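**Q** Structure for this input, please:
(2 chains)
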Number of protein chains: 2
Amino acid sequence: MSVAQFASTDVVKTTPNLSIRDAAKLMRKHNIGLLVLVDHSDPYKVVGVVSERDIVHAIAEGIDPERPVEAIATKSVITVEAEDPLSKAAELMRRHNIRHLVVVKDGRLYGVLSIKDLVYEENALKAISGYEEWTFERGMSA
Amino acid sequence: MSVAQFASTDVVKTTPNLSIRDAAKLMRKHNIGLLVLVDHSDPYKVVGVVSERDIVHAIAEGIDPERPVEAIATKSVITVEAEDPLSKAAELMRRHNIRHLVVVKDGRLYGVLSIKDLVYEENALKAISGYEEWTFERGMSA
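**A** Numbers count the residues shown, from 1 in each chain, chains lettered A, B, ... in the order given. Below is the predicted model:
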């Protein structure tokens, strides 16, 4: 099972100059927890991400929601390759304590994988829990 | 595997009169995505929950962050019993499209189970992916 099989390719993208409030509106409209920030002139070049958590922290810090989202975005984005196994994605989420990964292919934006994509799909669960490998091993010894 | 084995019992609780901004501060301080609102006179009686998503929606709607968190809280809380199987918790998260469940025991607050508790623990993954039942079946036929 590869990341590409479960990632959403219908990514909600925006540019870094969007206001924090408009970023919150965009999240609400699409019922999502992550926006991908892309370059003004290249919609497949990722320059950052903004999560719900980033917006909550901004409110905690009293940052004006009319400021550009760039002010609170994460620029060093954790990515996973579209062809990587799903278990690697789960491991990256664990290690970095995050719920979304930006999926790239040939260095360009391919999609987003959410922790929900892992838990909501039985096949994804089997892949990351080791069920798949175990079934495979059993097949080998049978 | 029961919910109780994976739920966090170290719940961050508050009362409904806390401001939205102070709720955001509390989330940031504890690095969590859900606050449980409890009754003023009974800290184990759940009266609501506030998630990161609720705070993002409040910002989208232009709600003043100095207002009480009660204004944006979810009052009809989705709960799971401490003794329920973990697979039931995963199913409830899927069905309601949520990432946290309030865990109750004898109708009172016991803990919180996060979607991260499911994905970050190999044993939890095995339990909700059906690996456990399958291993059991194999044991039966061996």
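**Q** how much space between the residue nearest to residue A:78 when sequence neighbours are not counted and residue A:74?
**A** The spatially closest residue to residue A:78, leaving aside those adjacent along the chain, is residue A:96, at 5.3 Å (Cβ to Cβ, 6 or more residues apart in numbering or on different chains). Every residue, glycine included, has its C-beta placed from N, CA and C. For residue A:96, the distance to residue A:74 equals 10 Å [Cβ to Cβ, to the nearest Å].
**Q** Which one of these two is surrounded by more residues?
**A** Set residue A:96 next to residue A:74 and count neighbours by other Cβ atoms under 10 Å in any protein chain shown: residue A:74 wins out with 15 against 10.
**Q** doesn't residue A:57 make contact with the more buried one?
**A** No: at 10.7 Å, residue A:74 and residue A:57 do not qualify as touching, with contact defined as Cβ atoms under 8 Å.
**Q** Chain B contacts on chain A?
**A** By Cβ under 8 Å from any Cβ of the partner chain, the part of chain A that sits against chain B consists of A:20-21, A:24-25, A:27-28, A:31, A:33, A:52-53, A:55-57, A:59-60, A:62, A:65, A:90, A:93-94, A:97, A:99, A:115-116, A:118-120, A:122, A:125-126, A:128-131, A:134.
**Q** One more pass at 7 Å, please.
**A** Residues of chain A found near chain B (Cβ under 7 Å from any Cβ of the partner chain) are A:21, A:24-25, A:27-28, A:52-53, A:55-57, A:59-60, A:65, A:90, A:93-94, A:115-116, A:118-120, A:122, A:125-126, A:128-129, A:131.
**Q** Next step: those restricted to helices.
**A** Taking DSSP state H as the definition of helices, these contribute A:21, A:24-25, A:27-28, A:52-53, A:55-57, A:59-60, A:90, A:93-94, A:115-116, A:118-119, A:122, A:125-126, A:128-129, A:131.
**Q** Quick check on those: which are buried?
**A** By neighbour count, with 16 or more other Cβ atoms under 10 Å in any protein chain shown, those hold A:21, A:24-25, A:27-28, A:52-53, A:55-57, A:59-60, A:90, A:93, A:115-116, A:118-119, A:125-126, A:128-129, A:131 as buried.
**Q** In chain A, where is pLDDT below threshold?
**A** A:130-142 (pLDDT under 70).
**Q** let's go with 90 and repeat that
**A** For chain A, the stretches flagged by pLDDT under 90 are A:1, A:87, A:118-142.
**Q** Surely residue A:14 is in contact with residue A:34?
**A** No: Residue A:14 lies out of contact with residue A:34 (Cβ atoms under 7 Å); the separation is 11.2 Å.
**Q** who has more neighbours, the two?
**A** Neighbours per residue, other Cβ under 10 Å: of residue A:14 and residue A:34, the larger number sits with residue A:34, 21 against 16.
**Q** wait, doesn't the more buried one sit right on residue A:112?
**A** Yes: with contact defined as Cβ under 7 Å, residue A:34 reaches residue A:112; the gap is 6.2 Å.
**Q** okay, and the common contacts of those two?
**A** Residues touching both residue A:34 and residue A:112 by Cβ atoms under 7 Å, 6 or more residues apart in numbering or on different chains: residue A:100.
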